[in-house]
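J.: After the sequence you'll find the predicted model.
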Amino acid sequence: MHKPGGSPVVTAGIGSAASSVLNNLCSMGVGRVVSVLCVAIVLAVAAPLLAATGHPASPSPKSTAAEAGASNSKHPDSWAFAKHYGDWLYRCEESTPPNGTATSECAIMQQIFATSKQEGRQLPLVTVVFSKKVGSSDHKVGAVAPVGIALRPGFALWAGDKAPLTLAFDFCRADGCVASPQPATRLESEFKAGKQAHAKFDLTNGQSVTVDISLEGFRAALTALDGGVLPPGIDQGEKAKKAHPRNK
């Protein structure tokens with residue numbers, strides 16, 4: 001496995017190694033780690049669908065409710081939709097302001113969890129998000145890591161023995177540090193061809209943390225993102241009418 005950089009590496013993927021990583025972070029005073037809400041710069045969605053799961057290397061539980069389209073009773077032209085593809089979650093929402101034009105945001109993501117021995121539950125450790133603007137075919141990749149980390153050299157992502165793509169941390173909040181989205185063309189090709197990817201960031205004590213990322217379902221999730229998969233009851237024709245009211 002390719003490990004960029006020369007500092008010690010702790011692998012946080014599945015099992016007790018994940019616990020040790022989170023314990024290191026908690027010992028540094030990290031009381032909370034990030035939820036997917038922190039990637040609002042990539043996708044303005046809510047975090048409940050990515051609540052803690054019992055599997056440290058998987059996204060949230062694949063419940064039926066999470067995969068159904070949900071309309072907003074106060075704003076009937078708004079909806080949110082999520083569906084799992086393997087270990088990746090496709091999340092999309094659309095809203096229409098009064099007398100306005102419908103806008104939609106979609107992305108695919110995976111959130112990695114680790115077990116906190118101190119709290120006895122699963123906590124989110126890292127979130128990786130691939131997104132694209134409506135009408136564009138280009139993808140960008142962004143990430144969120146726990147607070148209390150070293151902001152440099154950044155957040156590295158790679159698959160196989162390929163050179164990593166390093167995302168620069170843009171800002172930190174009380175619940176996490178956000179790595180700004182960058183073009184993902186090379187990285188997505190490597191993710192499509194692989195079975196496992198990796199992420200790496202440094203702690204302020206000089207130690208490095210390497211996290212394993214499952215690529216099961218990545219290709220299918222990316223296809224859904226490109227195809228603009230919609231919730232049940234919403235077809236492409238209806239979406240077009242919402243986006244272009246004059247065509248009604």
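T.: That came through fine. Residues are numbered from 1 along each chain as shown.

J.: which residues of the protein score low on pLDDT?
T.: By pLDDT under 70, the low-scoring segments of the chain are 1-77, 102, 231-248.

J.: can you give me the strands in it?
T.: With strands called from DSSP state E, the chain shows them at 9-12, 70-71, 79-85, 88-95, 103-116, 121-131, 140-145, 155-159, 165-167, 169-173, 176-183, 196-202, 208-214.

J.: Against which helices or strands is the fourth one packed?
T.: Using 3 or more Cβ pairs under 8 Å, 6 or more residues apart in numbering; DSSP states H and E as the contact criterion, the elements in contact with strand 88-95 are strand 79-85, strand 103-116, helix 218-227. Placement of C-beta: from N, CA and C, glycine included.

J.: Take these and write them to TSV, including distance to Lys195.
T.: As requested, these are exported to TSV (distance: least, Cβ to Cβ, whole Å):
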stretch	distance to Lys195
strand 79-85	15
strand 103-116	14
helix 218-227	10
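
J.: In a markdown table, list these along with distance to Pro183 and mean neighbour count.
T.: Listed next are the helices and strands packed on strand 88-95 as a markdown table, based on distance: least, Cβ to Cβ, whole Å; neighbours: other Cβ atoms under 10 Å:
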| stretch | distance to Pro183 | mean neighbour count |
| --- | --- | --- |
| strand 79-85 | 22 | 21 |
| strand 103-116 | 15 | 23 |
| helix 218-227 | 14 | 18 |
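
J.: Between those, which one is closest to Thr204.
T.: Shortest distance between Thr204 and the helices and strands packed on strand 88-95, using Cβ to Cβ, is found for strand 103-116: 18.1 Å.

J.: what angle do the closest one and strand 140-145 make?
T.: Relative orientation of strand 103-116 and strand 140-145, computed by axes from the mean of the first three to the mean of the last three Cα atoms, to 10 degrees: 40 degrees.

J.: Now strand 103-116 - C-alpha only, PDB.
T.: The C-alpha coordinates for strand 103-116 follow below in PDB (Å, rounded to 0.1, in the frame of the first residue of the first chain):
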ATOM      1  CA  THR A 103     -32.300  24.600  -7.800                       C
ATOM      2  CA  SER A 104     -30.900  21.200  -7.000                       C
ATOM      3  CA  GLU A 105     -27.700  20.000  -5.400                       C
ATOM      4  CA  CYS A 106     -26.400  16.400  -5.600                       C
ATOM      5  CA  ALA A 107     -23.300  14.500  -4.400                       C
ATOM      6  CA  ILE A 108     -22.100  11.100  -3.500                       C
ATOM      7  CA  MET A 109     -20.300  10.600  -0.200                       C
ATOM      8  CA  GLN A 110     -18.800   8.100   2.200                       C
ATOM      9  CA  GLN A 111     -18.400   8.700   5.900                       C
ATOM     10  CA  ILE A 112     -15.900   6.700   7.900                       C
ATOM     11  CA  PHE A 113     -16.500   5.900  11.500                       C
ATOM     12  CA  ALA A 114     -14.300   4.900  14.400                       C
ATOM     13  CA  THR A 115     -15.200   3.500  17.800                       C
ATOM     14  CA  SER A 116     -14.700   5.700  20.900                       C
END
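
J.: Out of the strands of the chain, which is the most enclosed?
T.: Of all the strands of the chain, strand 140-145 carries the top mean neighbour count, a mean of 26, counting by mean count of other Cβ atoms under 10 Å.
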